[in-house]
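Participant: Have a look at this fold, sequence not included:
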């Protein structure tokens, strides 16, 4: 398009000549907020306009894996942990004081950096008033060595007193709790994710009592718990994952009347107790599909008897073994409210009969999602199928199997074994 005057003709820039830096600063800052801070800083070399943009990004993400991954040498200037710490120090000094949404730090921790980490976290919480705090001192296994694995950072929970932090994610550190945790009153804290952090049963109870508005709690690869009791009036989401090294763990007891989401992922407690589950509508169960762990899966599945209002069920297919076991659901039991079923399964005869048995338990099912189940060892099916032929629901099973095959004939064969969504009613 041309603009003509008496003296000259001005050519407007075409779309093909526009550069990324022609975008408004607000959009550029939003784009930079998705990058690790190291990369955001490097964009300052693109143009004069970009020089200070990184310092106004509302998210700081200091990721150790963006730095050279050579073996650390504490005495050399090329030690990546030292280069990383120097970069974080400089970036925090040069950044403006405007509040940020999130602060993420992943770092290969050694005790010599304790004061550095302390100052970084204080800066994030007090100076930048971060709403999300993510601290990962494990990074990846490939970075770890005997020295780093033996050194743990003491995270001072008192740092969060009167802060604006709503989301706290900690990986591989020691959690230091004040003597009177109930007086901490961490009112802003609503979401907590703890991984590779050891806590005693009492520490868990004290921690929950000090977070009166906690709604979302996850534990992964955590040790030190023997008789875990999680009681909270406010908690809405709970996930427990990778509790396999727990010969000493006896029970887990959950008493959260407003809990609507519950997930057990590879948990090997001896007993599972679920109380006041009237609000529970979404239930996820994932156990390694090996015969020796079936007893764990069956114990978790039995919790469905205490959760009558579950609408969304995510589970793997061990159902033939379960319905033919000595301790199945009562004969009259149905998952009356399940509308969405996510089933991880194979497609052997054993799997199909088990699938049909589960479908019979879900008379009001509307949507089923089939996903591939990774089996370390195949199920032994002959005994279970023989017994199932004499069970009360054998004939109904074959009706369901016919229905499943009817579905399948309308699909591309290759799609049958991939993740598909099947509507059982319109």
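Facilitator: That came in fine, so what should we check first? Being a predicted model, the structure only gives us computed values, none of them experimental.

Participant: Do a quick rundown of the strands in the stretch 201-350 of the chain.
Facilitator: Assigned by DSSP state E, counting those that start in this stretch, the strands in the stretch 201-350 of the chain fall at 216-220, 227-231, 237-243, 251-255, 261-267, 271-275, 282-286, 312-316, 340-345.

Participant: would you turn those strands into JSON lines with distance to residue 193, mean pLDDT and mean neighbour count?
Facilitator: The C-beta positions use only the backbone N, C-alpha and C, and glycine is treated the same way. Formatted as JSON lines, the strands of the stretch 201-350 of the chain follow (distance: least, CB to CB, whole Å; pLDDT from 0 to 100; neighbours: other CB atoms under 10 Å):
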{"stretch": "strand 216-220", "distance to residue 193": "5", "mean pLDDT": "95", "mean neighbour count": "19"}
{"stretch": "strand 227-231", "distance to residue 193": "15", "mean pLDDT": "92", "mean neighbour count": "18"}
{"stretch": "strand 237-243", "distance to residue 193": "9", "mean pLDDT": "89", "mean neighbour count": "19"}
{"stretch": "strand 251-255", "distance to residue 193": "17", "mean pLDDT": "92", "mean neighbour count": "18"}
{"stretch": "strand 261-267", "distance to residue 193": "12", "mean pLDDT": "92", "mean neighbour count": "20"}
{"stretch": "strand 271-275", "distance to residue 193": "21", "mean pLDDT": "91", "mean neighbour count": "15"}
{"stretch": "strand 282-286", "distance to residue 193": "16", "mean pLDDT": "95", "mean neighbour count": "19"}
{"stretch": "strand 312-316", "distance to residue 193": "19", "mean pLDDT": "96", "mean neighbour count": "20"}
{"stretch": "strand 340-345", "distance to residue 193": "22", "mean pLDDT": "94", "mean neighbour count": "20"}
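
Participant: Tabulate these (a markdown table), appending distance to residue 55.
Facilitator: A markdown table is the format used below for the strands of the stretch 201-350 of the chain (distance: least, CB to CB, whole Å):
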| stretch | distance to residue 55 |
| --- | --- |
| strand 216-220 | 31 |
| strand 227-231 | 41 |
| strand 237-243 | 35 |
| strand 251-255 | 45 |
| strand 261-267 | 38 |
| strand 271-275 | 49 |
| strand 282-286 | 41 |
| strand 312-316 | 43 |
| strand 340-345 | 44 |
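
Participant: Go through these and name the closest to residue 114.
Facilitator: Evaluated over those, closeness to residue 114 peaks at strand 216-220, with 24.3 Å, by CB to CB.

Participant: Who are the packing partners of the closest one?
Facilitator: If contacts are counted by 3 or more CB pairs under 8 Å, 6 or more residues apart in numbering; DSSP states H and E, strand 216-220 sits against strand 191-195, strand 237-243.

Participant: Of those strands, which is nearest residue 361?
Facilitator: strand 237-243 (24.0 Å).

Participant: could you give the angle of the closest one to strand 271-275?
Facilitator: Orientation of strand 237-243 against strand 271-275 (axes from the mean of the first three to the mean of the last three CA atoms, to 10 degrees) gives an angle of 180 degrees.

Participant: Quickly run through the sheet partners of strand 237-243, with directions.
Facilitator: When pairs are called by DSSP bridges, strand 237-243 turns out to pair with strand 216-220 (parallel), strand 261-267 (parallel).

Participant: what distance separates the first one from the middle of the whole chain?
Facilitator: Meaning strand 216-220. In terms of CA atoms, centre = their mean, to the nearest Å, the centre of strand 216-220 is found 8 Å from the chain centre.

Participant: quick one on the thing from earlier: quick one: the strands paired with strand 237-243 as JSON lines, columns for distance to residue 98 too.
Facilitator: Output for the strands paired with strand 237-243, formatted as JSON lines (distance: least, CB to CB, whole Å):
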{"stretch": "strand 216-220", "distance to residue 98": "27"}
{"stretch": "strand 261-267", "distance to residue 98": "34"}
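
Participant: Please name whichever of those is nearest to residue 318.
Facilitator: Ranking the strands paired with strand 237-243 by distance to residue 318, with CB to CB as the measure, places strand 261-267 first at 13.8 Å.

Participant: How about residues contacting the closest one?
Facilitator: With CB atoms under 8 Å, 6 or more residues apart in numbering as the test, strand 261-267 has contacts from 220, 236-244, 252, 254, 272, 274, 277, 280-288, 296, 300, 307.

Participant: ok, 6 Å please
Facilitator: 237-244, 280, 282-286, 300 (CB atoms under 6 Å, 6 or more residues apart in numbering).

Participant: pLDDT averaged over stretch 291-308, what's the number?
Facilitator: The predicted model assigns stretch 291-308 a mean pLDDT of 91.

Participant: quick one: that stretch to chain centroid distance?
Facilitator: That offset, for stretch 291-308, works out to 21 Å (CA atoms, centre = their mean).

Participant: do stretch 324-343 as well
Facilitator: With CA atoms, centre = their mean, you get 27 Å for stretch 324-343.

Participant: again, but for stretch 197-213
Facilitator: The chain centroid and the centroid of stretch 197-213 are separated by 19 Å under CA atoms, centre = their mean.

Participant: Just the buried positions in that stretch, please.
Facilitator: Residues 197, 199, 203, 204, 205, 206, 207, 208, 210, 211 are the ones in stretch 197-213 that count as buried (16 or more other CB atoms under 10 Å).
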